[in-house]
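K.L.:
whatever this is, show me its structure:
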Amino acid sequence: MPKHFPQKAYEALSKYFPDLTLNEVRKAAKLAYDEQDKYRKKVIAKGNEIIEKAEKEGKKIMVLAGRPYHIDPEINHGIDKLISSFNVAIVSEDVISPRVEKFNTHVLNQWTYHSRLYAAAKYVTTRKDMELIQLVSFGCGVDAITTDEVREILEKEGKIYTQIKIDEITNLGAVKIRIRSLLAAIDND
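P.N.:
Below is the predicted model:
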């Protein structure tokens, strides 16, 4: 559990809830972090199951990497379902990023999401049956930095970098072409 969160949360909440105690916030924070840990373990277990099944069936595995809000079907336009229609397995970066030891990047790596993204890209480079597809919004700001770093990690090891800007999608036709192109390119390897 992050060390300073209970105190900071207590300071913010006690203004609105004067009867709240720091101990109550500590207990609630511990329960919340424990639940988050259980959820992550379930995601990893399910992802490992998907990977194992794909390996047995000889399927390609696509790592669909994006910000946490990209899993919302209203935001991602059903890209996950479209990709799975190509008879490939899909897992998120959350599943494979813990398999990589910390390593140096060319950018300041200070956010948890970015660390998972870079680690997932690094892991994908160790597997012939895996490719990474990065979902981005707008491709500016911090996404511009992560896309450059992910591209470099993948391309340095001969992998293809595939990016889909989900804010530019008006229909899935362009995405379908990108996925077909990726699959054709890796089949020609």
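K.L.:
so what's residue 135 up against?
P.N.:
Contacts of residue 135 were listed using C-beta atoms under 8 Å, 6 or more residues apart in numbering, and they are 64-67, 70, 76, 79, 163-164, 166. Every residue, glycine included, has its C-beta placed from N, CA and C.
K.L.:
beta-bridge partners for it, please?
P.N.:
On DSSP bridges, the residues paired with residue 135 through beta bridges are residue 164.
K.L.:
gap between it and residue 100?
P.N.:
For residue 135, the distance to residue 100 equals 20 Å [C-beta to C-beta, to the nearest Å].
K.L.:
distance of the nearest residue in space to residue 103 that is not next to it in sequence from residue 155?
P.N.:
The shortest distance from residue 103 to any residue other than its chain neighbours is 6.3 Å, reached at residue 122 (C-beta to C-beta, 6 or more residues apart in numbering). Applying C-beta to C-beta, one obtains 12 Å for the distance of residue 122 from residue 155.
K.L.:
the domain parsing of the chain - what is it?
P.N.:
Annotated domains of the chain cover 1-57, 59-187 [automatic domain parsing].
K.L.:
tabulate those domains (CSV), appending mean pLDDT.
P.N.:
Written out in CSV, the entries for the domains of the chain read as follows (pLDDT from 0 to 100):
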stretch, mean pLDDT
domain 1-57, 95
domain 59-187, 85
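K.L.:
related to what we said a few turns ago, surely the residue nearest to residue 103 meets residue 156?
P.N.:
No. The pair residue 122 / residue 156 is not scored as a contact, 9.8 Å apart, by C-beta atoms under 8 Å.
K.L.:
out of those two, which sits in the more crowded spot?
P.N.:
residue 122 (22 against 11; other C-beta atoms under 10 Å).
K.L.:
which element is that one on?
P.N.:
Counting by DSSP states H and E, the secondary-structure element that holds residue 122 is helix 112-124.
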